[in-house]
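**Q** coords please:
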Amino acid sequence: MNRAHLKENDVKVAAYSADKAGNEEDQRHAVNWRNISRVLFVAAAAGAIWSRGARNPYVIGIGVICTLLGGFPILHEAYENITQRRMTMELSMTIAIVAALAIGEVFTALIITLFVLVAEILEGLTVGQGRQAIQRLVEFLPRAATIHRHGEWKEVGIHEISAGNEVLVRPGARIPVDGKVLRGHSFVDQAPITGESMPGEKGPGASVYAGTINQSGALEIRVEHLGRDTTFGKIIEAVERAERSRAPIQGIADRLSGYLVYFALAAAAITFLMTHNMRSTISVVIVAGACGIAAGTPLAILGAIGRAAQDGVIIKGGLYLERLAEVDTILLDKTGTLTYGTPRVMEIRPTNGVSPSSVLEAAAIAESQSEHPVARAILSKAAELGIRVRHPNRFDYTPGRGIVAEIDGEEIVVGNWMHFLDGGTKASIPATSDGAVLVTRGGHLLGSILVADLVRPEASTAIEKLKSMDVKTILLTGDSRSIADAVGMRLGVDEISAELLPEQKLRRVEELLAQGKKVVMIGDGVNDAPALAQATVGVAMGSGTDVARESSDIVLIGSDLSKFVETVRIARRCHHTIIQNFIGTLVVDSIGIALAALGFLHPLLAAFIHVSSEMIFILNSARLLPPISATHWFVHGLATKTKTSLP
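**A** Now for the predicted structure:
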């Protein structure tokens, strides 16, 4: 009942207006003294009629008045449904109540009203718990911050801060803004943003996010983003948009609900024509209900989106959640997705009689003026080993091949095998198959350096889990075949495609879609954006480019593939839950209508079956909500909503 709660009311959550949003939510799901008093009033009236008997015309009159007063919200909603030409269960319940009163079944009418009112309270609490999944996100954001102003630290409201200000965050406090650490060292619990269980170490230059918790040391942070522009604010907006969007299966649920009501009314008409038994006719109308579908479907979708958000996975709409449940093929970019995207020196291989430090020193001299990622990896390793690097007198760079430099009259050449082959060097150069960088000095081969991108430790486990879910995994990368094969075979992907341009990645997605595949593309770069937009579902890594994130349907804030695997599980569980509710409702309604038509169900028993089945299906959907103690949310929800209703 009150089916419009999840379908028609938008969540108006403001990042720094949690109290106001909470009050608006309380009004929507008003479990207050008025509702509780109405239930007690109807229960008392039903008890009085039961004890006094319903034959006295005065008692009957009082019972009718009590039914109309106590059931006013039901009757009012039914009237609105009539004016909007919508067939809902409130309307069918109203028909049943009016019919019961018409044949003198006052006690039955009161009990039906009582069941409906109690069910609305329970449903309001359950649906309210779904809304609180978003509200709890908002509560992570501080309302005030300590900023550096006029030579001193001063605490101000969050609305007084602007980009470029310096903010002090003390140990144990939540970080109020997105920004860069200027001074200080600490460990920050980033679970609200990334879902990571271990705190991340933060020092000067490190990025921090609003809503995360500073654990050990004080941090001075330069403000970059505030409020809705922070990563956390964008999470809230994404969840709000996702809730407002309607998945196709919700449209099916709405239509099925309407069909079931029409079917129940038709069955009731046939029952009356064949039996002329008004009690059986009323029972048919009462027992049929699609409430579990109408309320349970959006609740399941909201719960799944909220649970994913708590894990650091932002689903931009119910449509993408539904699509994700059907995927059978996943395309994975390599750099930044399966790997960290930061090359490192993995191995130094000197030739006979040459020390590793000599190989590294020569390579570092040649690479000292390069901005290439391989150069940064070599220079970083040289600095780590304490090798002094001088700048060359001459520096020539050939894109995609290598560098020729000169120092103290000696020529240093660093590059791949093709670079040496084209240069006609006198040194005997072996062909490499693993992408190692070859180093020569003065025409003599010193050795090679293997520079590679580290594979994310969770990637292998994530691939295994995806394969166990009967999902095909394909590696798409612009890297060389040798590097792609090395990474792909290590992770155990099903198929490897290397040396691809952005348009070739897009073409691969289109080919799979043409074959009827449900395709997910996971990437983090500008070159992945076309494929992300074309895929059934595009998933961007949070560490990727803005273009990739905007082109995607799902964003992994923490760049952890295991979180994506869990999101696929959540999406499938959500789909299965909705189908369970569909089938369960059809079975219960079919059996109930048949029994009622044959006279085996009294209106009271029919009402009990209707309400019980509705709550079972709604609670089945509620299992998808982010975990929280059932006792806690019931008591907290009741107390909060009761409190807000008092003057």
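**Q** touching, T230 and A210? I think so.
**A** Yes - between T230 and A210 there is a contact at 4.1 Å, judged by Cβ atoms under 8 Å. For glycine as for every other residue, the C-beta is placed from the backbone atoms N, C-alpha and C.
**Q** where do the contact lists of these two overlap?
**A** When contacts are counted by Cβ atoms under 8 Å, 6 or more residues apart in numbering, the set common to T230 and A210 consists of V177, D178.
**Q** looking at those two, which is more packed in?
**A** Residue environment comparison for T230 versus A210 gives the larger neighbour count to A210, 28 against 24, counting by other Cβ atoms under 10 Å.
**Q** assign a three-state SS to that one, would you?
**A** Here A210 is coil, with the state taken from DSSP: H, G, I helix; E, B strand; the rest coil.
**Q** list the contacts for it?
**A** The contact partners of A210, taken as Cβ under 8 Å, 6+ apart, are L141, R174, I175, P176, V177, D178, H225, L226, T230, T231, F232, G233.
**Q** what is the nearest of these to A462?
**A** For A462, the nearest member of the contacts of A210 is T231. The distance, counting by Cβ to Cβ, is 22.4 Å.
**Q** would you confirm that that closest one contacts Y209?
**A** Yes - when contacts are counted by Cβ under 8 Å, T231 is listed as touching Y209 (4.9 Å).
**Q** list the residues that contact the closest residue to E105 other than its chain neighbours.
**A** Of all residues beyond its chain neighbours, the one nearest E105 is P603 (6.6 Å), with distances taken as Cβ to Cβ, 6 or more residues apart in numbering. The neighbourhood of P603, defined by Cβ under 8 Å, 6+ apart, consists of A96, A100, E105, T108, I112, R279, I282, S283, I286.
**Q** pull the most distant pair out of these.
**A** The most widely separated members of the contacts of P603 are I112 and R279, with 12.5 Å between them, by Cβ to Cβ.
**Q** the two: who's more crowded?
**A** Taking neighbours as other Cβ under 10 Å, I112 and R279 compare with I112 leading, 30 against 18.
**Q** among the helices and strands of this structure, which has the poorest mean pLDDT?
**A** For the chain, counting by mean pLDDT, DSSP states H and E, helix 4-7 ranks last in confidence among helices and strands (a mean of 35).
**Q** picking up where we left off before, can you redo the contacts of P603 as TSV with secondary structure and distance to Y320?
**A** Conversion of the contacts of P603 to TSV gives the following (DSSP: H, G, I helix; E, B strand; the rest coil; distance: Cβ to Cβ, whole Å):
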residue	secondary structure	distance to Y320
A96	helix	40
A100	helix	45
E105	coil	49
T108	helix	46
I112	helix	40
R279	helix	48
I282	helix	44
S283	helix	42
I286	helix	38
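**Q** distance to R183 and pLDDT for those residues - can I get that in JSON lines?
**A** Below are the contacts of P603 laid out as JSON lines (distance: Cβ to Cβ, whole Å; pLDDT from 0 to 100):
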{"residue": "A96", "distance to R183": "70", "pLDDT": "74"}
{"residue": "A100", "distance to R183": "74", "pLDDT": "78"}
{"residue": "E105", "distance to R183": "77", "pLDDT": "79"}
{"residue": "T108", "distance to R183": "74", "pLDDT": "81"}
{"residue": "I112", "distance to R183": "68", "pLDDT": "80"}
{"residue": "R279", "distance to R183": "79", "pLDDT": "85"}
{"residue": "I282", "distance to R183": "75", "pLDDT": "85"}
{"residue": "S283", "distance to R183": "74", "pLDDT": "87"}
{"residue": "I286", "distance to R183": "69", "pLDDT": "81"}
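**Q** which residue ranges of the stretch 351-500 of the chain form helices?
**A** With DSSP state H, counting those that start in this stretch, the ranges of helices along the stretch 351-500 of the chain come out as 356-367, 373-384, 417-423, 459-468, 481-491.
**Q** tell me which of the ones you listed is the most buried.
**A** Per-residue neighbour counts averaged over each of these give the maximum for helix 356-367, namely a mean of 24 (mean count of other Cβ atoms under 10 Å).
**Q** name the helices or strands packed onto it?
**A** Applying 3 or more Cβ pairs under 8 Å, 6 or more residues apart in numbering; DSSP states H and E, one finds that helix 356-367 contacts strand 339-350, helix 373-384, strand 402-407, strand 410-415, strand 437-441, strand 444-455.
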